[in-house]
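Student: Predicted model, plus sequence, below.
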Amino acid sequence: MSSALVVGYDPQAIPGVDGEAPRAALDAELARFGEHGIDAAMTLIVFDESAESTLVASLTKQPWDVVVVGGGIRKAEPLLPLFEQIVNLIRRHAPQAAIAFNTSGGDSVEAAQRWL
């Protein structure tokens, strides 16, 4: 069974945003991986000192076939340093994994499938 780790920005950490609906959508997307026979996990991070340790723990939990980096991290210009950090941590701690990018929380399965 193929494996995928989805890395996203924690919607609960966005000021002024009710994170419940985005979180429910992310959980639904995670369930879709199972429907496609892909073992998947999700790690939601925030742009603070916990980002690196949280991501490294997830990256080293098992050998992932693909790591999907969410659009919320890539598209927000203030998060560019976090995006760079994520890509470099993936290269360092999961060098066997392909790196994929989704366009929204609703197409992570398709992003992963491009590399599986």
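Tutor: Everything's here; your move.
Student: so what pLDDT did Leu26 get?
Tutor: If you check Leu26, the pLDDT there is 82.
Student: Go ahead and confirm it touches Gly105.
Tutor: Yes: with contacts counted by C-beta atoms under 8 Å, Leu26 reaches Gly105, the gap being 5.1 Å. (C-beta placed from N, C-alpha, C; glycine too.)
Student: And the helices in this protein, which stretches?
Tutor: Taking DSSP state H as the criterion, the chain carries its helices at 20-35, 51-59, 71-74, 80-93, 108-113.
Student: Pick the most buried one from those helices.
Tutor: Among the helices of the chain, the stretch with the highest mean neighbour count (mean count of other C-beta atoms under 10 Å) is helix 108-113, at a mean of 22.
Student: For the protein, identify the residue most remote from the centre.
Tutor: Gly16 (22.1 Å; C-alpha atoms, centre = their mean).
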